[in-house]
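Enquirer: below: sequence and its predicted model.
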Amino acid sequence: MNTTTAASKPSENLNIVIVGHVDHGKSTLLGRLYADTGSLPDGKLEKVQAICRQQGKEFEYAFLFDAFLEEQEQGITIDTARTFFIWKGRQYIIIDAPGHKEFLKNMISGAARAEAALLLIDALEGVKEQSKKHGYLLSLLGVRQFAVVVNKMDLVGYRQDVFDGIEKEYREFLGQFKAVPERIIPVSAKMGDNIANRSDKMSWYTGPTVLDTLSLFKKEAARSEQPLRLPVQDVYKFDARRIITGRITAGTLKVGDQLVFSPSNKRANIRSIEAFNIDPPLAESHAGQSVGITLDEQIFVERGEVATHPEALPLVSTAFRANLFWLGKRPLERGRKYQLRVATKEVDCEVSAIHRIIDTMDLAQQQGSATVNKNQVAELTLRTKAPVAFDLSASFEATGRFVLVDEYDIAGGGIVTELVHDDQELLREEARRRDFAWVKGEVGVEDRAQQYGHRPAIVLFTGGRHTGKSFLAKRLETRLVADGRHAYLLDGENLRRGLDADLTEEERGQTDEMARRYGEVARLLIDTGLIVVSTTNPFGLAYKEAAQAIRTLVHPAPVIAVHMTKTNEEPPPNTDIIFSGPTDFDEATRQIMEELKKRGVLAQAIGAKPTFQYSI
């Protein structure tokens, strides 16, 4: 046994989890690791050996692990669910929790975060159902860096053919969910083979020992060295300044940096970093710090956006795949509305698909269910009401984890595992490229808003034929202009005869290209500061698809969607106002004006030489 003395002060920490059935030698492996790295208190090994002799039972390294836990329980500085040992200048923190339920809950909620894992298999038993479940468990939690330890090789006579059979079968199983172990190691924890020292009983194995394997695991980059992630917490107005606040969850920002805010694609440079009672002002800030920043341009940014540098943008979509731990009083239901919170963003969402459910007690799987019960884990797809900026949890913790709120209770937590491409992806990417290359004049959007007394927006009327959309659109334009607002009625027929004159009849019948052109014209008018009033008349029955495309192309300008119908049809997603049947057009116009005020589009004039104040 090698008893290398542990270094007094490790240079870094690595969080690892050891997963395996209790009968597969998990405690024995841990006990051996503590003994072989010299991590036990002086005399502890001899004391446990003496106790075993007194009780007339064979000494086991599992007893050392139990004794080590007791020792740490007496020093209240460490959680009993976490133990550690030091090897070659690195401290390994073992994350453990009683039962699958607690472990899954802690890992998915972020209470514990494993950077790497050892997965234990009993050589005598081979690859049983339990080993497959544990392999799937690591995949479920997004642990990409792991090694497989085939223990109890002494019980199979250290035979290479037995090990090769286990390795082949297990690699094939793991490949089903694209999990690739760093390496697979044959060991005997009880006898010390291939733990700290290479075994002469398995000369056919030429790979690293368990401890060497641990040292080969890569440490995650320090959060301050990662790309920037600054979720916007709030925006405060002081004098003429707008201070954007939030906590930097990853990376570093400096005065002069260009920031991109996602999902809106708005850009500006940092003019200053504000901090309370700090003089002189900060020149830069790092991950973990809460900051306020001012920008060189007064762009309108809202809570929930994520500020990044242009070269490392987050993902943006209205859908993603996730692993969710459910704690709600009532079951999670497909199609039911919930509130999603990711970083500082809050948005309505629904579960569009439940792919698989895992019972946390026995890791049994079931498919085809429409509900998820309390203490179950589900692989599912979430669809949000509006585009959300996020990351995969394997890349960024804060922007890759989320909670679901059922009414007013936090009912579940999860990790984002995959972007789901939605039908607006191509248009969203086009809009992002266009906005990045947009040539700006000297007059900013807030300058225009202060001059006009309103922010730019689009009021979009949807619905079938003969519902009064055009009449109400004209009435609204007239009212806005009479009130001194800068409004313009964008009629699709004018575009068909002008901008779209080059299209063939077949091309004019394709909603995608027509809506793209329509949305780009609306975006230009919005950039001039106008309130654009429009209808989806040119798109006929395809108005739902057209409305969504227009919304994507003019984002982040607010779209006030007004649906007019004579039936009980389902309105397009994100509709704000619905008018059914014969309408009092004066009252309808008043309601739309109130919605514009509520959304912070229309401002109130103050003073003889008017300055303007917005509701938000």
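Expert: Cool, got the structure.
Enquirer: surely Ala394 is in contact with Asn323?
Expert: No - the pair Ala394 and Asn323 does not pass the contact test of CB atoms under 8 Å, sitting 11.5 Å apart. C-beta: built from backbone N, CA, C; applies to glycine.
Enquirer: between the two, what contacts are shared?
Expert: When contacts are counted by CB atoms under 8 Å, 6 or more residues apart in numbering, Ala394 and Asn323 have 142, 417 as shared neighbours.
Enquirer: higher neighbour count, these two?
Expert: Set side by side, Ala394 and Asn323 show more neighbours around Asn323, with 25 against 16, by other CB atoms under 10 Å.
Enquirer: please spell out which residues along stretch 265-275 are buried.
Expert: By 16 or more other CB atoms under 10 Å, the buried positions in stretch 265-275 come out as 265-268, 270, 272-274.
Enquirer: make a markdown table out of these and add distance to Ile415 and secondary structure.
Expert: A markdown table is the format used below for the buried residues of stretch 265-275 (distance: CB to CB, whole Å; DSSP: H, G, I helix; E, B strand; the rest coil):
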| residue | distance to Ile415 | secondary structure |
| --- | --- | --- |
| Asn265 | 26 | coil |
| Lys266 | 28 | strand |
| Arg267 | 29 | strand |
| Ala268 | 31 | strand |
| Ile270 | 30 | strand |
| Ser272 | 35 | strand |
| Ile273 | 31 | strand |
| Glu274 | 33 | strand |
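Enquirer: farthest-apart pair in those residues, please.
Expert: Considering CB to CB, no two members of those lie farther apart than Asn265 and Glu274, which are separated by 24.3 Å.
Enquirer: contacts only, for the closest residue to Asn194 other than its chain neighbours.
Expert: In space, Asn194 comes closest to Val187 once its chain neighbours are excluded; the distance is 4.3 Å by CB to CB, 6 or more residues apart in numbering. Neighbouring residues of Val187 by CB under 8 Å, 6+ apart: 29, 149-151, 153, 193-195, 199, 210.
Enquirer: so which of the residues you listed are in strands?
Expert: In strands, judged by DSSP state E, the following of the contacts of Val187 are found: 149-151.
Enquirer: show me the shaky parts of the stretch 51-200 of the chain.
Expert: 65-83, 96-99, 111 (pLDDT under 70).
Enquirer: apply 80 and report the result again.
Expert: For the stretch 51-200 of the chain, residues meeting the criterion pLDDT under 80 lie at 51-84, 96-113, 130, 177.
Enquirer: now, which of the ones in strands among the contacts of Val187 sits nearest Thr206?
Expert: Among the ones in strands among the contacts of Val187, Val150 lies closest to Thr206 (CB to CB), at 15.3 Å.
Enquirer: could you count how many residues lie near the closest one?
Expert: Look at Val150: counted by other CB under 10 Å, it has 26 neighbours.
Enquirer: try Pro263
Expert: Using other CB under 10 Å, the number of residues around Pro263 comes to 24.
Enquirer: wait, it sits on Thr384?
Expert: No - in this structure, Pro263 is not within contact of Thr384 by CB under 8 Å, at 10.4 Å.
Enquirer: rebuild the contacts of Val187 as a markdown table, extending it with distance to Thr462.
Expert: As requested, the contacts of Val187 are arranged in a markdown table below (distance: CB to CB, whole Å):
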| residue | distance to Thr462 |
| --- | --- |
| Leu29 | 63 |
| Val149 | 60 |
| Val150 | 62 |
| Asn151 | 64 |
| Met153 | 69 |
| Asp193 | 71 |
| Asn194 | 68 |
| Ile195 | 68 |
| Ser199 | 72 |
| Val210 | 63 |
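Enquirer: nearest to Ile531, of those residues?
Expert: Comparing these against Ile531 with CB to CB picks out Val149 as the nearest, at 65.8 Å.
Enquirer: assess the claim that that closest one and Pro208 are in contact.
Expert: No - counting by CB under 8 Å, Val149 sits too far from Pro208 to count as a contact (11.7 Å).
Enquirer: which neighbours do the two share?
Expert: Both Val149 and Pro208 are contacted by Ile185, under the criterion CB under 8 Å, 6+ apart.
Enquirer: now do the end-to-end distance for stretch 457-476.
Expert: Taking CA to CA, to the nearest Å, the first and last residues of stretch 457-476 lie 13 Å apart.
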